[in-house]
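Q: Next one to model:
(one chain, ligands or ions: 1)
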Amino acid sequence: MPTLPTDGTVLPITRWGEPVMHQLCKPVTTFDDQLKKLVADMVATMNAAEGVGLAANQVGVDLQLFVFDCPDADGVRHQGVVCNPTVEVVEGKDRKLDEGDEGCLSLPGAFTKCARPDWARVTGVDENGEPVTFEGNGLLARCLQHETDHTQGTVFGDRLSRKYRKRLFAEAEELAPHYPADWPVSPIYDPENELTDAE
Ligand SMILES: [Zn+2]
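A: Residues are numbered from 1 along each chain as shown. Alright, predicted model coming up:
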């Protein structure tokens with residue numbers, strides 16, 4: 001298992017609605033120190049936000065790149081860096097859908113059911129330009145699909161029915177006051193921590 005860098009700086013997370021979140025990102029073509037710094041900063045940001053994956057456009061960078069640190073259905077932890085990802089899922093009669101909850105650090109706090117194939121394989125290159133392949137089931141399958149979607153300018157709200165999308169946005173709006181604009185640089189604001197007598 002590749003080891004993720006630990007020397008990054010936490011960056012603010014870009015939210016849905018910003019143009020960089022909704023456009024096809026540029027392929028990574030230069031594998032230099034600047035890219036490695038970006039990867040380290042993305043890992044630090046993902047960890048600070050307690051996420052299982054983060055794409056470059058979620059820190060405002062227009063590149064096809066994501067990092068992940070996510071368990072599969074057996075609780076086995078997988079982590080890695082993928083530039084220029086392509087995703088494969090099972091199609092046709094062998095396809096099984098996982099109806100689990102999904103959320104996104106760029107729409108913080110809100111979750112809703114989102115049906116996705118329960119297995120996925122992602123192929124690309126790492127931050128050194130070396131070929132990488134990651135595959136698995138459970139939350140890992142969901143994460144690999146979700147992050148590859150980000151590199152293509154798709155957010156999971158785009159994959160929901162109108163009804164579920166509406167519900168998701170309503171939940172996000174309710175939670176928005178808890179998330180400072182530069183979250184996770186500034187922590188979640190939790191008024192309940194200050195009202196100790198509240199139920
Ligand atoms: Zn996301």
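Q: now the helices for this protein?
A: Using DSSP state H, the helices of the chain run over residues 33-48, 138-151, 162-175.
Q: right, so the ones you listed: which one is the most enclosed?
A: helix 138-151 (a mean of 24; mean count of other Cβ atoms under 10 Å). Glycine gets a C-beta too; all of them are placed from N, C-alpha and C.
Q: so what strands line up beside the lengthiest strand in the chain?
A: If you go by DSSP state E, the chain has its longest strand at strand 77-89. When sheet partners are counted by DSSP bridges, strand 77-89 sits next to strand 65-71 (antiparallel), strand 119-125 (antiparallel).
Q: Could you dump those into JSON lines and include mean neighbour count, mean pLDDT and distance to Asp33?
A: Shown next, in JSON lines, are those (neighbours: other Cβ atoms under 10 Å; pLDDT from 0 to 100; distance: least, Cβ to Cβ, whole Å):
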{"stretch": "strand 65-71", "mean neighbour count": "24", "mean pLDDT": "98", "distance to Asp33": "15"}
{"stretch": "strand 119-125", "mean neighbour count": "20", "mean pLDDT": "98", "distance to Asp33": "17"}
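Q: Would you reformat these as a markdown table and include distance to Gln145?
A: Below are these laid out as a markdown table (distance: least, Cβ to Cβ, whole Å):
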| stretch | distance to Gln145 |
| --- | --- |
| strand 65-71 | 11 |
| strand 119-125 | 5 |
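Q: one step back: between the longest strand of the chain and helix 138-151, how many degrees?
A: Interaxial angle of strand 77-89 relative to helix 138-151 (axes from the mean of the first three to the mean of the last three Cα atoms, to 10 degrees): 60 degrees.
Q: Strand 77-89 relative to helix 33-48, how many degrees between them?
A: Computed by the same axes, to 10 degrees, the angle between strand 77-89 and helix 33-48 is 110 degrees.
Q: Show me how far strand 77-89 is from its chain's centre.
A: How far strand 77-89 lies from its chain's middle: 11 Å, per Cα atoms, centre = their mean, to the nearest Å.
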